[in-house]
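Peer 1: here is a sequence with its predicted model. Questions after.
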Amino acid sequence: MALDKDGVVHVAGWGQHGQLGLGGTVVTCFEFEPVRALGAANIQAIGAGSLFSAAVDSEGRVYTWGNGEQGQLGMSIGMDRPKEHNTPTRVKKLGKEFAVEICCGETSMTVLCKSGKVFGWGRGFYETDKNGAKKKESHRDSPQLITRLDPCQYWIIKCPKELSFIVSPTRECNPA
């Protein structure tokens, strides 16, 4: 994946699960192609997990595509919805939050918003009660506010493999 100076996403490689975002049945792309389904979205940030991809546009909207089997696309995947999307689809459940940074783990995603709120979904993000205790042993297939971090202000997130690191600009923020 590459992002050019005009905010256009270009992809190449293996795309059996739709992670290229080119639509149709494109399985392999040997030369970089623009992701036309994003149109003139003016993309500001991109990310890629194991079998999925993501982007944030200049309006702070998040788009995902590819394999969503573990909930990493951020949209409910039920019996009536496909587990794979071969074109970018907006993650509507973030509501009016303005995303400024995205981070894709292998099968999870973390989003930092302008408000300082952090949302996560996919493998390893579980449904919790208002105190942050696990309620249900299942992966989250839609954005969940990471309540133990709110209302601190954060400015960097990193997601190597299946971990998420969220860094605060001050040492004073102790959200426990």
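Peer 2: On my side now, so go ahead.

Peer 1: now do the phi/psi pair for the residue sitting nearest the centre point of the chain.
Peer 2: Against the mean C-alpha coordinate of the chain, by C-alpha atoms, centre = their mean, the closest residue is M109 at 4.4 Å. With angles defined as degrees, to the nearest 10, M109 sits at phi -140, psi 140.

Peer 1: settle this for me: it is touching A54, isn't it.
Peer 2: Yes. Using C-beta atoms under 8 Å, M109 is in contact with A54, at 6.3 Å. C-betas here are computed from N, CA, C, even on glycine.

Peer 1: mutual contacts of the two, please.
Peer 2: Jointly contacting M109 and A54 under the rule C-beta atoms under 8 Å, 6 or more residues apart in numbering are 47, 64, 102.

Peer 1: just give the number of residues close to the closest residue to the last one other than its chain neighbours.
Peer 2: I take that to be I102. In this structure, I102 finds its nearest non-sequential neighbour in G47, 4.7 Å apart by C-beta to C-beta, 6 or more residues apart in numbering. The number of residues packed near G47 is 21, by other C-beta atoms under 10 Å.

Peer 1: ok, now A37?
Peer 2: A37: 17 neighbours (other C-beta under 10 Å).

Peer 1: and the pLDDT for the nearest residue to it once chain neighbours are set aside?
Peer 2: Once flanking residues are discounted, A37 sits nearest to T87: 4.1 Å by C-beta to C-beta, 6+ apart. Listed pLDDT for T87 reads 94.

Peer 1: isn't T87 right next to G23, touching?
Peer 2: Yes. Between T87 and G23 there is a contact under C-beta under 8 Å: 4.6 Å.

Peer 1: name the helix or strand for the residue nearest to A37, please.
Peer 2: strand 84-90 (DSSP states H and E).

Peer 1: how much space between S53 and K96?
Peer 2: 24 Å (C-beta to C-beta, to the nearest Å).
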